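# give me a 3D structure for the following:
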Amino acid sequence: MHSLKITKIIDETSSVKTFYFPHNLKSRPGQFVMLWLPGIDQKPFSISFDDGRTFGLTIFKRGALTDKLFEMKINDRVGIDGPYGVGFSIKPDIHHIMVAGGYGAAPLAFLAEELIIKGNNNIDFCIGAKNKDSLLFTQRLNNIRLRIATDDGSSGQKGLITDLLKNIITADSRPKFIVTCGPELMEKKVLDICNQYNVDAEICLERYMKCGVGICGQCAMDDLGICLCTHGPVVTREVANKIKEFGVYHREKSGKKKYFI
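Here you go, the predicted structure:
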């Protein structure tokens, strides 16, 4: 566990901030860290930026830990452990279609920038949000082909981001690689589309993680029994198709099933 100073805070939206820390985390896009605030809680967060000197966490305000974090200032310290988990594959020679919903844009922005460093500019970055004020990273990613969809039509196409995905997949016959992160029902729709068109894909899943090393079993997935903190959070299309609970339910802290619909 490292005690790290906050060196920069960016207000992304009214409920999302990115916190930057001076540390060589040596992370890969899709991995996560455990952030600890003494006396409050410890939670996992995806890494949204890492240049080898500084890393960033883009965090949605929800719950006691994030409430306290949003009150913190530059030079305040937090506990950071990691990185943990399996990240996205780095494939520099294939057309990437990235499908981000809400703050699921965080690890995908990191991935897009890593691909550009390796010379791959063949990226369609699809961002979906409720409205234009909820969109993340449109300025940060202004050198990438952005495809935007909002529920109210205030920016980009009105409707679902998955509708854009179908259009991009069918636009030409070039090999494509889909990566997605966001609300689980959106991710399940992305998986269904990838299955329909037989397109390779990786999905970044979210579950309640307590330990980060596969010991507590809190994030074990039905029916495979894999712990998402060690076998994920990024899983392949083939693995996602075998996860019985994906897009159907997740488990609360108590282990009780909570259905998405």
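# and this structure, what are its domains?
For the chain, automatic domain parsing gives the domain ranges 2-84, 88-204, 208-261.
# what's the first-to-last distance across the shortest one?
Start to finish, the residues bounding domain 208-261 are 19 Å apart (CA to CA, to the nearest Å).
# pLDDT of it, averaged?
Domain 208-261 shows a mean pLDDT of 93.
# roughly how far apart are the residue lying closest to residue 182 once chain neighbours are set aside and residue 70?
Leaving aside its chain neighbours, residue 182 sits nearest to residue 101 (2.5 Å; criterion: CB to CB, 6 or more residues apart in numbering). All C-beta atoms are positioned from the backbone trio N, CA, C, and that covers glycine. Separation of residue 101 from residue 70 (CB to CB, to the nearest Å) stands at 22 Å.
# repeat for residue 60
10 Å.
# could you do residue 14 as well?
In this view, residue 14 and residue 70 are 11 Å apart by CB to CB.
# and if you look at residue 244?
From residue 244 across to residue 70, the span is 36 Å (CB to CB).
# between those two, which one's more packed in?
Neighbours were counted for residue 244 and for residue 70 using other CB atoms under 10 Å; residue 70 has more, 15 against 11.
# residues in contact with that one?
By CB atoms under 8 Å, 6 or more residues apart in numbering, residue 70 lies in contact with 17, 61.
# what's the answer for residue 132, then?
With CB under 8 Å, 6+ apart, residue 132 has these contacts: 150, 154, 155.
# repeat that with 6 Å
Neighbour list for residue 132: 154, 155 [criterion: CB atoms under 6 Å, 6 or more residues apart in numbering].
# report pLDDT for it.
Reading off the model, residue 132 has pLDDT 92.
# next, the distance between the ends of stretch 222-238.
Rule used - CA to CA; the end-to-end distance of stretch 222-238 is 15 Å.
# in that stretch, which residues are buried?
Under the neighbour-count criterion of 16 or more other CB atoms under 10 Å, stretch 222-238 has 226, 227, 228, 229, 230, 231, 232, 233, 234, 235, 237 buried.
# can you show me the CA trace of stretch 224-233 as CSV?
Output of stretch 224-233 as CSV, limited to C-alpha atoms (Å, rounded to 0.1, in the frame of the first residue of the first chain):
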residue,chain,number,x,y,z
LEU,A,224,-17.7,-20.3,-14.2
GLY,A,225,-16.8,-19.5,-10.6
ILE,A,226,-13.9,-17.2,-11.7
CYS,A,227,-13.1,-14.3,-9.5
LEU,A,228,-13.4,-11.1,-11.5
CYS,A,229,-10.6,-9.4,-9.6
THR,A,230,-8.0,-11.9,-10.9
HIS,A,231,-9.6,-13.3,-14.1
GLY,A,232,-10.9,-9.9,-15.1
PRO,A,233,-12.2,-7.2,-14.9
